[in-house]
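>>> Quick one: sequence and predicted model below, then my questions.
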Protein chains: 2
Amino acid sequence: MSLRFAILGFLSVRPFSGYDLKRAFDQSVRHFWTADQAAIYRTLGELESKGLVEHERIAQDLRPDRNLFRPTEAGLAALDDWLTTPSPAAPRREPFLVRLFFSGRIDPDALLALVRAELDSVHDELRAFGDYVASLEAQVPDATDAWKAAMIGPLLTLTNGVSLGVAYRDWLTRIEGQLEGGSLTAELLLADLRAQLPDTDSSG
Amino acid sequence: MSLRFAILGFLSVRPFSGYDLKRAFDQSVRHFWTADQAAIYRTLGELESKGLVEHERIAQDLRPDRNLFRPTEAGLAALDDWLTTPSPAAPRREPFLVRLFFSGRIDPDALLALVRAELDSVHDELRAFGDYVASLEAQVPDATDAWKAAMIGPLLTLTNGVSLGVAYRDWLTRIEGQLEGGSLTAELLLADLRAQLPDTDSSG
DNA sequence: ATCAGATATATGTCATGTCACATATACTAC
DNA sequence: GTAGTATATGTGACATGACATATATCTGAT
C-alpha cells in the first residue's frame, strides 16, 4: 500500500497531525491519491507500532490536543527504499469506460448525455488545475530557491494531471463530435486507432 | 461497485460461466477494469441471490460441469439503469505519482530510472494495443454489420486506452528529456503548465 | 510413467478501504 | 440561546479486493 509511504513522505517534510495530513491529502495530492480520514489515523498507529514514526502530544489552549507525528530514522529509510523501487503497474478502475464498453445497449442520446457529463467533470478539473497554477505563479516572484526546488516533485504531478486531463478532454470531445455527426462507426474508430498508434512493424 | 454491472454486461451478450467471465475480463477489459476470479464467483452468487441472474448446470463429457449464467429480466433492467446513470468521478490511485511527488528526496539518477521503468511499461501497453488493433483489422473484411455495430463500445474504450497511453508516453518522454538535459526547474514546469492549460479568464 | 498446464468451480483468510458514528472544545452567525 | 462550522482524535461495522488453497479431469510433452 502506498498510503503509508505517502504519509511518510509528508512527514519527511515537516511534522503533521492526523488532521493536518487529511487536509494535506485533500489539498495537494487529491488528483492522484485520496485518503480516508479513518485510514490515516489507523495507518499512523500501524506505522508507530512498527517503529517508523513517533508522536508527541501537544497541548493547546483553545483547541483539543494534537498528536504531532514525525518519522524515525527507520521510517525515512523505508520511505527512500520505497521511493526508488518501481511498483508494478497499478490496476485501473474506470466505471465510465465500463459503461462505454457496453454502450451498445443504450440509445445514442443517452450515450451522448454520458459523454457530456464526463466532459463537464473534466472541464471542472482543468479549471481547478488552472486556478492552482495561477496561485503558484503568484508566489514565484518572492520564492526562495529552496522552495522552488521543493516544488519540482509536486509540479511534476501537476503536469501529469494537466497533460492527461487535456488528452482525456480531447478524446471525449472527439467522441461527442462523432456522436453528434452520426459518424460513429467501427471503421472510423479503427482508422483513428491506426493513426494514433506507433507503427507496429507494418513491413514484414 | 461496477463489477456486478460489468458481469451483467457480459451476460447481456451471451451466457457465460465464471471461468469464461474471468477470461473475458482478462482479454477484453483488462486495461480499465480487472477482476479477481474469486470476486467473480462470489459476485455471481450475490447477483443470483438478488434474482438478477440465473444459472443452468451443463454436464460435459471431458471436463467438469459448467454453470452457465444468464441475466433475468430484472438483471437487464438493472444493467440498463446503471448504464445510463453517470457515476461520480472515480478516485485515482497512482503510486508512480506518489513517488514523483516526493522525488525531491531521491537523487536525479534514481528518478530517471523510475521514469524509464514507467516508460517501458507504457511502451509495452501501446504495443499490446497495436497487436490487438491489427487483429481486429484482419477481421474487418469479412465482418457482418451486426458485429461492427457490437464492436463500437469496445472500440471506444480502446481509443481511450490509446489516446491516454500516448499522452502518458509523451509526458514521460518530456520529463526524461528534461532530466537528461538538467533543465528540470520549477519555472520550466510552470511555463509548461501555462502553455497547456486553457486560458483561465485572462481578461478580467 | 509422470508432470505441467488447461479446464472448471469454490472457499478461507487477510488486507484494505469506506461509512457512519462518538467525543470534545471554541468561535461565529442568526 | 442555539445552530452551524472548524479543530482534533478516534472506533466499529461493513464492503471490497487479493491471495492462497482445494478439488477434479483431461491433454500434451518429456
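Yep, that arrived.

>>> Run through who's touching the helix or strand of chain A with the lowest mean pLDDT.
Every helix and strand in chain A was compared by mean pLDDT, DSSP states H and E; the lowest is strand A:53-58, with a mean of 89. Residues outside strand A:53-58 that contact it (Cβ atoms under 8 Å, 6 or more residues apart in numbering or on different chains): A:7-8, A:11, A:15, A:44, A:47-48, A:65-72, A:75. Heads up, the C-betas are built off the backbone N, CA and C, glycines and all.

>>> cool, stretch A:78-98 as well?
A:2, A:5, A:8-9, A:12, A:52, A:71, A:114, A:118, B:2, B:5-6, B:9, B:29, B:31-34, B:86-87, B:90, B:93-96, B:99, B:102-103, B:105-106, B:110, B:113-114, B:117-118, B:121, B:125, B:157, B:160.

>>> Please see if it touches DNA strand C.
No: under the criterion of Cβ under 7 Å from any atom of the strand, stretch A:78-98 makes no contact with DNA strand C; the nearest approach is 10.4 Å.

>>> Can I get that stretch in PDB? Just the C-alpha atoms.
The C-alpha trace of stretch A:78-98 is given here as PDB (Å, rounded to 0.1, in the frame of the first residue of the first chain):
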ATOM      1  CA  ALA A  78      11.800   2.700   4.500                       C
ATOM      2  CA  LEU A  79      10.500   5.800   2.600                       C
ATOM      3  CA  ASP A  80      13.700   6.200   0.500                       C
ATOM      4  CA  ASP A  81      13.700   2.500  -0.200                       C
ATOM      5  CA  TRP A  82      10.100   2.600  -1.500                       C
ATOM      6  CA  LEU A  83      10.700   5.800  -3.500                       C
ATOM      7  CA  THR A  84      13.500   4.200  -5.500                       C
ATOM      8  CA  THR A  85      11.700   0.900  -6.200                       C
ATOM      9  CA  PRO A  86       9.300   0.900  -9.200                       C
ATOM     10  CA  SER A  87       6.000  -0.700  -8.400                       C
ATOM     11  CA  PRO A  88       4.100  -3.000 -10.800                       C
ATOM     12  CA  ALA A  89       1.500  -1.200 -13.000                       C
ATOM     13  CA  ALA A  90      -1.400  -0.100 -10.900                       C
ATOM     14  CA  PRO A  91      -4.700  -1.700 -12.000                       C
ATOM     15  CA  ARG A  92      -7.200   0.900 -13.400                       C
ATOM     16  CA  ARG A  93     -10.800   1.100 -12.400                       C
ATOM     17  CA  GLU A  94     -12.800   3.200 -14.700                       C
ATOM     18  CA  PRO A  95     -16.600   2.900 -14.300                       C
ATOM     19  CA  PHE A  96     -17.100   5.300 -17.200                       C
ATOM     20  CA  LEU A  97     -15.300   3.000 -19.600                       C
ATOM     21  CA  VAL A  98     -17.300   0.000 -18.400                       C
END
